[in-house]
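Novice: here is my input, please return the structure:
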Amino acid sequence: MPKDARPDHTRELFPIESVQKLPTRLSGFLDQVRSFDAFGKPTQVEYVDGLHTLPIAYHTNEFWTSKQRDAHSIHEVSYRACFKPQLPAFFIDRLTEPGDIVHDPFTGRGTTLVEAALLERVPSGNDANPLSKILTQPRLDPPDLEAILERLDSLDLDGYSGPLESFLIPFYHPETARHIHALRNNLLSKADGGTADGVDSWIQMVATNRLTGHSPGFFSVYTMPPNQAVTADRQRLINVKRSQVPPIRDVKAIIAKKTQALLKDIAHKRPEAKTEDAIRHQSADETYPLKKNSVALVVTSPPFIDTVDYKTDNWLRCWFNGIDPNSIDFWQFRKPEDWVEAMLSTLRALHRILKPGGVVAFEVGEVRKGKILLEQLLLPHLHTTGLHPLMVMVNQQDFTKTANTWGVHNKTAGTNTNRILVLFKPE
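Specialist: Numbering: from 1, shown residues only. Below is the predicted model:
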């Protein structure tokens, strides 16, 4: 099929007007994607027959770099299955204006919201996990460094004399564990008493991020990367295998150092989203109190099928923040049909809040070694959501483990890439 030919049977599920008569803004965006060559490669465009016969235009290129150092320093908070800030920035820059609302129904660590705030848009997000707000809200309007360091200096972390939780022993030197207990008690007491302020929330966020990791920049002995806490039993095995014992760590110094790293770029660019309800603790398919036709852009990455166990990975972070992980209604899917049902419910809710001409950039992936392409599961059912497909973007870097060849056939080979289903609400 010719590179830009549009198959006639697209009409089977979508009106031909949605394909040929795009709003001017979306036509311009489509042209930008097709002509993109910022990293020295042309965009490859091919229409591919889906698993359910609906063709879709795939656009393959390196559309953004994955180099963390090319993003703002305030993004450097770890969380499982998070995407790089350059992904939402690509869409925010091209599809919104300052003051527009940018929404993420699966907020996670808050990458979309923080990037939106940096680019002077209005951030909005949902997440069923209360950790999401803890990790995101402080970075939308960060306190001054001096205030954070002064508060840290004033903290008394030597006053805890109670028992140590047994599950902390494999990770921390007893003195470090006592300091963590003291900090936890201080933060939870202020939160319960309604006296916690933005500086307390910042310290809570950084401490949550520094609980465990694989370098001296964390409170723990060497363990898994910070986005995945192993069990206490598993940590005991790691300690035996590495012949290691938890060393004393300076909790205050570690928080101060990470704070300085996060705020390194603040003088250049500062997020200032002064809103207390930017993140709502609710399901992705609940969009109230957002108004109908109010959101210009959605950039999100939903949970995939049987990949990440957020409850298990975050057990220690939940303990530190006084959260019962069993009380959280995480979406975790084993069956493709269950994933599709949940995603369609979310997309229908997004249709209500999107402006006419608004866009959803829905990062999906291939699972089970490329045997399931998630966008192909959704495409046959999109007509039930009111949203129409514009394209699938495949962002591919040469340095990814399986990206040794270049070409559109990577859409079906199960490569390590970002795959974004781009949808829009017709005007």
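Novice: so who does residue 97 touch?
Specialist: residue 296 (C-beta atoms under 8 Å, 6 or more residues apart in numbering). Where C-beta positions appear, they are placed from N, C-alpha and C, glycine not excepted.
Novice: and it, how far from residue 123?
Specialist: 15 Å (C-beta to C-beta, to the nearest Å).
Novice: what's the mean pLDDT across the helix or strand where residue 59 lies?
Specialist: Following DSSP states H and E, one finds residue 59 within strand 55-61. Strand 55-61 shows an average pLDDT of 88 in the prediction.
Novice: how far does it sit from its chain's centre?
Specialist: 23 Å (C-alpha atoms, centre = their mean, to the nearest Å).
Novice: check stretch 268-279 too.
Specialist: Counting by C-alpha atoms, centre = their mean, stretch 268-279 is centred 17 Å from the centre of its parent chain.
Novice: what's in contact with it?
Specialist: With contacts defined as C-beta under 8 Å, 6+ apart, stretch 268-279 is touched by 72, 74, 107, 110, 113-114, 116-118, 122-127, 132-133, 136-137, 139-142, 289.
Novice: again with stretch 354-361
Specialist: Stretch 354-361 is contacted from outside by 23, 25-26, 29, 87-88, 91, 95, 293-300, 347, 350, 387, 390, 420-427, using C-beta under 8 Å, 6+ apart.
Novice: which of these fall in strands?
Specialist: The strands, defined by DSSP state E, take in 295-300, 390, 420-424 from the contacts of stretch 354-361.
Novice: helices along the chain, start to end?
Specialist: Under the criterion DSSP state H, helices of the chain are mapped to 16-20, 24-35, 86-95, 111-118, 131-140, 145-154, 174-193, 198-209, 232-242, 251-262, 310-313, 315-320, 336-353, 374-378.
Novice: pLDDT score for residue 214?
Specialist: 91.
Novice: for it, what are its contacts?
Specialist: Applying C-beta under 8 Å, 6+ apart to residue 214 gives the contacts 222-226.
Novice: whichever of those residues end up buried, select them in PyMOL.
Specialist: Of the contacts of residue 214, the buried ones can be selected in PyMOL as follows, counting by 16 or more other C-beta atoms under 10 Å:
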select buried, resi 222+223+224+226
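Novice: helices and strands of the chain: which one has the lowest mean pLDDT?
Specialist: helix 16-20 (a mean of 44; mean pLDDT, DSSP states H and E).
Novice: list the contacts for the closest residue to residue 172 other than its chain neighbours?
Specialist: Excluding its sequence neighbours, the residue lying closest to residue 172 (C-beta to C-beta, 6 or more residues apart in numbering) is residue 246, at 5.1 Å. The neighbourhood of residue 246, defined by C-beta under 8 Å, 6+ apart, consists of 170-173, 176, 220-221, 239.
Novice: phi, psi of residue 246?
Specialist: phi -60, psi 130 (degrees, to the nearest 10).
Novice: how much space between it and residue 221?
Specialist: According to C-beta to C-beta, residue 246 stands 4 Å off from residue 221.
Novice: which neighbours do these two have in common?
Specialist: 170-172, 239.
Novice: identify the farthest-apart pair in the residues you listed.
Specialist: Greatest spacing in these, by C-beta to C-beta: 172 and 239 (11.5 Å).
Novice: list residues touching both of these two?
Specialist: Residues touching both residue 172 and residue 239 (C-beta under 8 Å, 6+ apart): 221, 246.
Novice: neighbour count: the two, which is higher?
Specialist: Between residue 172 and residue 239, counted using other C-beta atoms under 10 Å, the more crowded position is residue 172 (25 against 17).
Novice: enumerate every residue touching that one.
Specialist: 180, 219-221, 246, 249.
Novice: got the phi and psi for it?
Specialist: Here is the backbone geometry of residue 172 (degrees, to the nearest 10): phi -130, psi 150.
Novice: picking that back up, of the contacts of residue 246 - the most surrounded one?
Specialist: residue 220 (28 neighbours).
Novice: do I have it right that that one meets residue 171?
Specialist: Yes: between residue 220 and residue 171 there is a contact at 4.3 Å, judged by C-beta atoms under 8 Å.
Novice: what touches both of the two?
Specialist: With C-beta under 8 Å, 6+ apart as the test, residue 220 and residue 171 both reach 212, 246.
Novice: how far is the top strand by length along the chain from where the chain is centred?
Specialist: The longest strand of the chain (DSSP E) is strand 354-364. Relative to its chain's centre, strand 354-364 lies at 16 Å (C-alpha atoms, centre = their mean).
Novice: ok, that strand: who's next to it in the sheet?
Specialist: Sheet pairing of strand 354-364 (DSSP bridges) gives strand 295-300 (parallel), strand 418-424 (antiparallel).
Novice: tell me what angle the longest one forms with helix 336-353.
Specialist: Compare the direction of strand 418-424 with that of helix 336-353 by axes from the mean of the first three to the mean of the last three C-alpha atoms, to 10 degrees and you get 50 degrees.
Novice: export strand 418-424 as PDB, just CAs?
Specialist: C-alpha atoms of strand 418-424 as PDB (Å, rounded to 0.1, in the frame of the first residue of the first chain):
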ATOM      1  CA  ASN A 418       7.100   3.700  23.700                       C
ATOM      2  CA  ARG A 419       3.900   3.100  21.700                       C
ATOM      3  CA  ILE A 420       1.300   5.800  21.900                       C
ATOM      4  CA  LEU A 421      -2.200   5.500  20.600                       C
ATOM      5  CA  VAL A 422      -3.300   9.100  19.700                       C
ATOM      6  CA  LEU A 423      -7.000   9.800  19.800                       C
ATOM      7  CA  PHE A 424      -9.100  12.900  19.400                       C
END
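Novice: which residues are contacting that strand?
Specialist: Under C-beta under 8 Å, 6+ apart, the answer for strand 418-424 is 22-23, 26, 83, 87, 347, 357-366, 373-375, 378-379, 382, 387-396, 411.
Novice: try it again with 7 Å
Specialist: With C-beta atoms under 7 Å, 6 or more residues apart in numbering as the test, strand 418-424 has contacts from 26, 83, 87, 357-365, 375, 378, 382, 387-395.
Novice: what is the mean pLDDT for it?
Specialist: On average, strand 418-424 scores 91.
Novice: that strand vs helix 86-95, what angle?
Specialist: Relative orientation of strand 418-424 versus helix 86-95 (the same axes, to 10 degrees): 30 degrees.
Novice: quick one: strand 418-424 to chain centroid distance?
Specialist: Worked out by C-alpha atoms, centre = their mean, strand 418-424 lies 15 Å from the chain centre.
Novice: report the inter-axis angle for it versus strand 55-61.
Specialist: Using the same axes, to 10 degrees: strand 418-424 against strand 55-61 is 130 degrees.
Novice: report the contact partners of residue 283.
Specialist: Counting by C-beta under 7 Å, 6+ apart, residue 283 makes contact with 126, 128.
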